[in-house]
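[1] no sequence on this one, just coordinates:
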C-alpha cells in the first residue's frame, strides 16, 4: 500500500473516530440517556432571579423584573415596563390553561385583572413519544452539542434537542406550541447554575389569534409578536419580600449582552434580537430628574386589564416544573363584546362593533 494512500486512510479513520460520540450510539439511545438525566435533575425549592424581556412586532417595549419563588409555592414579581411599574403574584392571578377557551373567556369576562393564559411544556422525550430523525454533532457556545431533530409520535411539542455531548443534559430545546390563541415557535437555552439546570435565554415568536367560544368570530391581530428574554443573577435561599415600589435607579434595565448569542437552529438567526435599549443605565444628573422618575414608578398601574394580559409558560423537566413569566400581552382593544358568526357573510369581523 503506497505511503500517501495509507496516510490519507489514517487521517480519514481518525476523523471518523472523532465523530464517534454522536454516531456510535443508535439515535434512540440519546433519548434514553436524555430522559434519565432529565428525571434526575434537582429542582430548586426557592429561587430568586432577574428577567429582561424585549418585544417586537405587534407590540414593542422593554420590561425588566425581579422574581421570587418560595418553597410553599408562593411567588411574586416586581416589573417595570418603560416608566410604569406593576406587581404580579400567585394570589393576584388565576393561571388558566391555554387550551381551555371557555374557562379563559369566562375568567376574562368576570375577572379580567386576574386571568393569565398558561401553557405547560413537557420537555420529556422517550422512544414512545418521539422518533429521532437525524443526529449531528455541532458547536453551541464554548462546548460541543449533539443536535437531535425529532418527530413527535403523540403530539408532543419538541422539535429539536441540543444535548451536552458528555452528560446528555439539554443545552437547547426547540418547541412548537399551538392552541386557541394561535401558534408559536419557542427556543430555550439552558445553563448550569450551582447544582441546578435553569433557563439562560429564550425566544418566542407568536402568531396571535386570540381565544373565542365556538361559534363566534375570531379576533385577528396585525402581525406576530417576537419575544426575547434573558434570565440572570439566580440566587437560592433568598426569599425576602420584594420592595413595595422599586427605586428609580434600580428599576432601569441593564444592557443585555449582544454579539455572544448563539444562532437559532431552525433559521440561523440570533436567538432573540439584539437588545438595543434606549433607556440610559446611568444615574440621573439632577435631583429633579430622579424625583420625576420615582414619581412615575409610584403611580398606580392604570393599564386596562381588558387589554393587558399576563401570559405564562411552565417548563416540565422531570420532577421539576419551572413557572416562567412570558410577557404582558397588549391586545390594544377590548376583546368584548363579541358577535356570533354571520353565516350569511364571509366577512370576519374583529371583536367589538367596529368595521372589519
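    That came through fine. What you see is a predicted model, and the numbers here were worked out from it, not measured in a lab.
[2] can you list the weak-confidence ranges in the stretch 1-150 of the chain?
    Within the stretch 1-150 of the chain, the stretches with pLDDT under 70 are 1-24.
[3] That one: strands as residue ranges?
    Taking DSSP state E, counting those that start in this stretch to define them, one finds strands in the stretch 1-150 of the chain at 47-57, 61-69, 75-81, 84-89, 94-97, 115-122, 130-140, 143-152.
[4] right, and those strands - which one's nearest residue 242?
    Closest of the strands of the stretch 1-150 of the chain to residue 242 is strand 75-81, at 4.9 Å (criterion: C-beta to C-beta). Heads up, the C-betas are built off the backbone N, CA and C, glycines and all.
[5] what packs against that closest one?
    In terms of contacts (3 or more C-beta pairs under 8 Å, 6 or more residues apart in numbering; DSSP states H and E), strand 75-81 is packed against strand 61-69, strand 84-89, strand 320-330.
[6] run the last query once more with 10 Å
    When contacts are defined as 3 or more C-beta pairs under 10 Å, 6 or more residues apart in numbering; DSSP states H and E, strand 75-81 packs onto strand 47-57, strand 61-69, strand 84-89, helix 248-251, helix 287-298, strand 308-317, strand 320-330.
[7] For the ones you listed, give me TSV that also has mean neighbour count and distance to residue 170.
    Shown next, in TSV, are the helices and strands packed on strand 75-81 (neighbours: other C-beta atoms under 10 Å; distance: least, C-beta to C-beta, whole Å):
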stretch	mean neighbour count	distance to residue 170
strand 47-57	20	18
strand 61-69	20	21
strand 84-89	17	28
helix 248-251	17	33
helix 287-298	13	37
strand 308-317	20	8
strand 320-330	19	12
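[8] So residue 307 is in contact with residue 333, correct?
    Yes. Using C-beta atoms under 10 Å, residue 307 is in contact with residue 333, at 6.5 Å.
[9] sec struct for residue 237, please.
    What DSSP: H, G, I helix; E, B strand; the rest coil gives for residue 237 is coil.
[10] The closest residue to it other than its chain neighbours: how many residues sit nearby?
    Leaving aside its sequence neighbours, residue 237 sits nearest to residue 46 (C-beta to C-beta, 6 or more residues apart in numbering; 5.9 Å). Counted with other C-beta atoms under 10 Å, residues neighbouring residue 46 total 15.
[11] who's in contact with residue 46?
    Contact analysis of residue 46 by C-beta atoms under 10 Å, 6 or more residues apart in numbering lists 68-72, 75, 235-239.
[12] just checking, residue 158 touches residue 133?
    No. If you go by C-beta under 10 Å, residue 158 and residue 133 don't touch, sitting 11.7 Å apart.
[13] shared neighbours of those two, anything?
    The contact lists of residue 158 and residue 133 share 148-151, where a contact means C-beta under 10 Å, 6+ apart.
[14] Return the closest of those residues with respect to residue 162.
    The nearest member of the shared contacts of residue 158 and residue 133 to residue 162, counting by C-beta to C-beta, is residue 148 at 7.7 Å.
[15] For residue 327, give the beta-bridge partners.
    Assessed by DSSP bridges, residue 327 has beta-bridge partners residue 311.
[16] can you pull the pLDDT of it?
    Looking at residue 327, its pLDDT is 94.
[17] Pull the number of nearby residues for the residue lying closest to residue 196 once chain neighbours are set aside.
    In space, and not counting its chain neighbours, residue 196 is closest to residue 44: 5.2 Å by C-beta to C-beta, 6+ apart. Residues near residue 44, counting by other C-beta under 10 Å, number 21.
[18] Run through the residues that contact residue 44.
    69, 71, 193-198, 234-237, 320, 322.
[19] make it 8 Å
    Residue 44 sits next to 69, 196, 198, 236, 320 when contact means C-beta atoms under 8 Å, 6 or more residues apart in numbering.
[20] Over to residue 113?
    Residue 113 makes contact with residue 305, according to C-beta under 8 Å, 6+ apart.
[21] dump the residue contacts of the residue nearest to residue 135 when sequence neighbours are not counted.
    In space, and not counting its chain neighbours, residue 135 is closest to residue 27: 5.1 Å by C-beta to C-beta, 6+ apart. Residue 27 makes contact with 132, 134-135, 148, according to C-beta under 8 Å, 6+ apart.
[22] Going by neighbour count, which of those comes out on top?
    Ranked by neighbour count under the definition other C-beta under 10 Å, those are headed by residue 148 with 25 neighbours.
[23] contacting residues for that one?
    Per C-beta under 8 Å, 6+ apart, neighbours of residue 148: 27, 30-31, 132, 134-135, 160-163.
[24] Just send those residues back as a markdown table, with distance to residue 113 too.
    A markdown table is the format used below for these (distance: C-beta to C-beta, whole Å):
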| residue | distance to residue 113 |
| --- | --- |
| 27 | 48 |
| 30 | 45 |
| 31 | 43 |
| 132 | 45 |
| 134 | 47 |
| 135 | 48 |
| 160 | 37 |
| 161 | 38 |
| 162 | 39 |
| 163 | 42 |
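[25] Give me the subset of the residues you listed lying in helices.
    27, 30-31 (DSSP state H).
[26] export the residues you listed to JSON lines and tack on distance to residue 94?
    Converted to JSON lines, the ones in helices among the contacts of residue 148 look like this (distance: C-beta to C-beta, whole Å):
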{"residue": "27", "distance to residue 94": "42"}
{"residue": "30", "distance to residue 94": "39"}
{"residue": "31", "distance to residue 94": "36"}
